[in-house]
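Chemist: Okay, here's the prediction I keep looking at, along with the sequence it came from:
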Amino acid sequence: MSSETTSGTGDPSGTAFRYTAILAGEIEQAWQDRWEERGTFHAPNPAGPWAEPDKVAELGEKLVVLDMFPYPSGAGLHVGHPLGYIGTDVYSRFHRMLGRNVMHCLGYDAFGLPAEQYAVQTGQHPRKTTEANMVVMRRQLRRLGLGFDDRRSYATFDEDYYRWTQWIFLKIYDSWYDSQAVRPDGQRGAARPIAELEAEFISGARAVPGADGGAWSDLSGAEREAVLGEFRLAYTSEASVNWCPGLGTVLSNEEVTNEGRSERGNFPVFRRNLRQWMMRITAYADRLADDLDRVDWPENVKVIQRNWIGRSNGARVVFPAPTARGSASGTNSGIEVFTTRPDTVFGATFMVLAPEHPIVDEIVPTDGWPEGTKEVWKGSDRVAAASPREAVAAYRLSTSRKSEVDRQMDDRSKTGVFTGAFATNPLTGQPIPVFVADYVLMGYGTGAIMAVPGQDERDWAYAVAYDLPVVRTVQPSENHPESEAFTGDGPAINSANEDISLDGLGVSEAKAVIIGYLQDHGIGRGTVNFRLRDWLFSRQRYWGEPFPIVFDEAGTPHRLPDSMLPLTLPEVPDYTPKTYDPEDAQSMPEPPLSRVPEWVEVELDLGAGSGVRTYRRETNTMPNWAGSCWYYLRYLDPANHETFCDPENERYWLGAYPTPVTGAPAGTVDPGGVDLYIGGVEHAVLHLLYARFWHKVLFDLGYVSSEEPFRRYYSQGMIQAYAYTDSRGQYVPAEEVEEVPGTHGREPTFRWQGDPVNREYGKIGKSLKNSVSPDDMYAAYGADTFRVYEMSMGPLDLGRPWETRAVVGSQRFLQRLWRNVIDESTGSVRVDDAVPAVTTRVTVHRTIAGVREDYEHLRFNTAIAKLIELNNHLTKLDAVPREAVEALVLMVAPVAPHIAEELWARLGHDTGVSHWPFPVADPDLLVEEEVTCVIQIRGKVRDRVEVPSDIDESALRDLVLARDKVVAATPGGVRTVIVRAPRLVNVVPV
């Protein structure tokens, strides 16, 4: 017996060595210490500071298993959090036992708003708060027995980490997207260094935009930077944002309620144009959509991403429109719209602009309402508004208080106001009024629409509300209501002028014809549009990565040289952004960093002969998305101080496979990436999209060999639980609620302290008072029991209800396993070294085959069911065979590693189970000697018989026809016998 075992404690009941929560805790913590001391889960690298090429060569294929990057909450973990971590750990442990080089590790997404909010309330530095939270989370996860490579752990606020975050930002800043660049796969479009673009301007190989034939050398430094800024993948721009004066910060859409107020504090939120850093993610929209076909992701997640990217084919069409100054305005001397239905331009009877559209200020006349303005067009404030300018200003203010979600609700009444300007329908030549309305958003298309009420339901509703004409351009189907828009297919009508006629054509054909006409006449062009907008990359907060950018006296941005990285956060006197009167929509953000003048104003020599100059630092910080965009890459080489990741390590861990994923289009090249990424579907859009964008830029620039960050993504379900509210609607402690059984078939009721309460099912949370800490589970049952229970609750990708009382079932399984090996009275091993009976060996090897397949396909719940069945089989034997129970212990090891290690050691093995080969099923023992054949008469089951598994059809036919029940059912003879040997025979009597 190995000396590395844990003894039990005295027990007068004669079960001193029974597997209890106390003994489980002793075993678990002892093995966790041993794993840490031995570096059991350390994965060798082929290169870099941790280079162990010999070990890499000894191991089998590599495997990278990744968990979603966790934020260390002050509340600690509840029982719903570890679900994915346990799942990835089971998968990782299984593959280590298959001999693979498995990298599984966990870091911390440590920048973020919660810690800053706590700092505002208490004055405590966010770093201190976050570090304290990390200590708690690390302890809870370690106690769970997760096999992480602890060397590779870090936090995004570590200066050595965000040095490389800033470095990657600068690589993006120093790049532009060349749509004509040829990629390795032969497709066009890739990022290139901005220096190469500037070289083309200098040489004259590329014309300088807006220079009217002038040379690059004729431009000032600020003018050159302005030109380059129109191409850079990271750039500053005036962007429409959610500005909350009451909080003094810009909010994301998710932080704004449907009523247009801040989720925190319930303050008014206004749409404002502010200078912000942006990422030109739209340049990659096509690749982000197309490359989803190359990865192994759940189809629903791919659909979510495609919908977010929102690629649609159509045309851009220019509607001429005069400005208040009497000249044309907008793209190509007019208002440009994108439409997926260019065949309906003849039916455009008015236009609608987003209230934020910059052309609004140009087209609104300065004097009164033009002749012919209908009263209803003047909006709800028409009595007070003496002119379009007043009406538009009032409407813009009211719109700024609404969220985008609220503005897009289809069931709300349409609002808007006439701008006082008319555009011209380019196909009919008719003047059409231009409105502003909140149902049109600046972030979609061009921020302007041509309204075709005959073919669009929203436009129809607006036309009815504002007494605007309707021209149908598609013949409605028979019996279609006259009072509704027709959105289906049909022949074109009312769609002709002197030059072209679409009448009679179907929608698809009409689209193709009109796009050609628009292009030939310079009116428009066929194009692809995307819902995706450039990524807003600024936050008016303290607790985030500083931008490695400074501005000169002209406001021109300059990158810091790599030698000045990292640019670290200074101490600030106050973490609170400057707040204003909640209704002061014209106020401006004042981030906390702006209060450190000695940090903001700085004298630097940026090289290139510039000398020492005074610069102003950027006082916004990066969003917390920045650190989570590339964290998986740092896991590969976290001790490397020369680069963010050695290229050889990246190629080894994330490089492409020889064959693409199952279901990829023919001819597809594998993109590489993380082998398995498990996380919640709530990250299906932004995190995954942003990380893919950063990764593709790094690929284009040659810093990584893989084209995608996550080759396989698996969306885990959510553990939910019941919560209870009293008569006031207040939550009460779920663990104190008593269930009262119903009588006479009625549903049960629930009481807390004698009073009735209501039950609801949903999330687990501290505020819902239904949160259960893993610490409580460790104390009451042990970590292994907790792991087995979570993995046995149901399929990993589905939601499941938490029920503390059901955990005891998993504990009983492990107790039975323990008793099959250990005598509870003496602690000695009680297994039999004799060869098992054939039935036992067959059961063991069928279990091995099934469990291997289940583990490989993440079916942990069915694997556990098979293990329980095998364990029950062994329990019924007079003596438990060593051969059988050792196979069982090894199969249990991925899901319950501590008890497996302990039993394996007590069975006399000096080497732990973590790298011991997983059992292999003997094919000869998987062949069934006999099977049950179902006998049907006229398709209905009438008999069953055990037959040899290799019986042929003729013999089976004869055997079945001789059965008493078959003879009795066929007195007049047999018409047909359908034989499907060995499992089914269907007899049809005459």
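Modeler: Structure received.
Chemist: which residues touch the helix or strand hosting T932?
Modeler: Element membership for T932, per DSSP states H and E: strand 930-937. Strand 930-937 is contacted by residues 941-949, 956, 960, 963, 965-966, 969-970, 981-989 when judged by C-beta atoms under 8 Å, 6 or more residues apart in numbering. In this view, the C-beta of every residue, glycine as well, is placed from N, C-alpha and C.
Chemist: Buried only: go through these for me.
Modeler: For the contacts of strand 930-937, a burial check counting by 16 or more other C-beta atoms under 10 Å picks out 943, 945, 947, 956, 960, 963, 966, 969-970, 981-982, 985-987.
Chemist: Rebuild those as TSV, extending it with pLDDT.
Modeler: TSV is the format used below for the buried ones among the contacts of strand 930-937 (pLDDT from 0 to 100):
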residue	pLDDT
D943	95
V945	93
V947	89
L956	95
V960	95
R963	93
V966	95
A969	93
T970	93
A981	92
P982	92
V985	96
N986	95
V987	95
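Chemist: wait, P342 sits on G516?
Modeler: No - if you go by C-beta atoms under 8 Å, P342 and G516 don't touch, sitting 10.3 Å apart.
Chemist: Between those two, point out the one with more neighbours.
Modeler: P342 (29 against 12; other C-beta atoms under 10 Å).
Chemist: hang on, the earlier thing: in helices, which of the contacts of strand 930-937 fall?
Modeler: Using DSSP state H, the members of the contacts of strand 930-937 that fall in helices are 956, 960, 965-966, 969.
Chemist: how much space between the closest residue to G112 other than its chain neighbours and P70?
Modeler: Sequence neighbours aside, N624 is the residue nearest to G112 in space, at 4.6 Å (criterion: C-beta to C-beta, 6 or more residues apart in numbering). N624 sits 12 Å away from P70, going by C-beta to C-beta, to the nearest Å.
Chemist: what ranges do the helices span in the stretch 201-350 of the chain?
Modeler: Assigned by DSSP state H, counting those that start in this stretch, the helices in the stretch 201-350 of the chain fall at 221-229, 285-290, 299-309.
Chemist: ok, L870 touching V842?
Modeler: No - assessed by C-beta under 8 Å, L870 is found out of contact with V842, at 11.1 Å.
Chemist: ok, back up a step: let me know how buried the residue nearest to G112 is, in neighbour terms.
Modeler: So N624, with other C-beta under 10 Å, has 21 neighbours.
Chemist: Kindly confirm whether my reading is correct that V960 touches R944.
Modeler: No - using C-beta under 8 Å, V960 makes no contact with R944, being 10.6 Å away.
Chemist: Now stretch 920-935 - C-alpha only, CSV.
Modeler: C-alpha atoms of stretch 920-935 as CSV (Å, rounded to 0.1, in the frame of the first residue of the first chain):
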residue,chain,number,x,y,z
VAL,A,920,-9.4,0.4,-23.1
ALA,A,921,-12.2,-2.0,-23.9
ASP,A,922,-11.5,-5.5,-25.2
PRO,A,923,-13.4,-5.8,-28.5
ASP,A,924,-14.0,-9.5,-27.9
LEU,A,925,-15.9,-8.7,-24.7
LEU,A,926,-18.2,-6.1,-26.5
VAL,A,927,-19.8,-8.7,-28.8
GLU,A,928,-23.2,-9.7,-27.5
GLU,A,929,-23.6,-13.5,-27.4
GLU,A,930,-27.4,-13.3,-27.3
VAL,A,931,-29.9,-10.6,-28.1
THR,A,932,-33.7,-10.3,-27.7
CYS,A,933,-35.6,-10.7,-30.9
VAL,A,934,-39.0,-9.0,-31.0
ILE,A,935,-41.8,-10.9,-32.8
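Chemist: what about A394, how many neighbours?
Modeler: A394: 17 neighbours (other C-beta under 10 Å).
Chemist: before we move on, which element is it in?
Modeler: According to DSSP H and E, A394 maps onto helix 388-399.
Chemist: Which positions in that helix come out as buried?
Modeler: Neighbour-count burial for helix 388-399, counted by 16+ other C-beta under 10 Å, picks out 388-396, 398-399.
Chemist: Return the distance of it from the chain's centre.
Modeler: Distance of helix 388-399 from its chain centroid, counting by C-alpha atoms, centre = their mean, to the nearest Å, is 38 Å.
Chemist: Go ahead and name everything in contact with that helix.
Modeler: Contacts for helix 388-399 (C-beta under 8 Å, 6+ apart): 271, 355-356, 360, 364-366, 369, 378-379, 381-382, 384-385, 407, 415-421, 436, 438, 585.
Chemist: before we move on, what about stretch 494-504?
Modeler: Outside stretch 494-504, the residues touching it (C-beta under 8 Å, 6+ apart) are 343-344, 346-347, 427-429, 471-473, 491-493, 510, 513-514, 517, 521.
Chemist: could you flag which of the residues you listed are buried?
Modeler: 343-344, 346-347, 427-428, 471-473, 492-493, 510, 513-514, 517.
Chemist: Let's see which of the residues you listed end up in helices.
Modeler: Counting by DSSP H, the part of the buried ones among the contacts of stretch 494-504 found in helices is 510, 513-514, 517.
Chemist: quick one on the thing from earlier: quick check: the two most widely separated of the buried ones among the contacts of stretch 494-504?
Modeler: R472 and Y517 (20.3 Å; C-beta to C-beta).
Chemist: Phi and psi next, for V528.
Modeler: For V528, the backbone dihedrals (degrees, to the nearest 10) come out as phi -110, psi 130.
Chemist: Let me fix that, I meant to ask about Y615.
Modeler: phi -130, psi 160.
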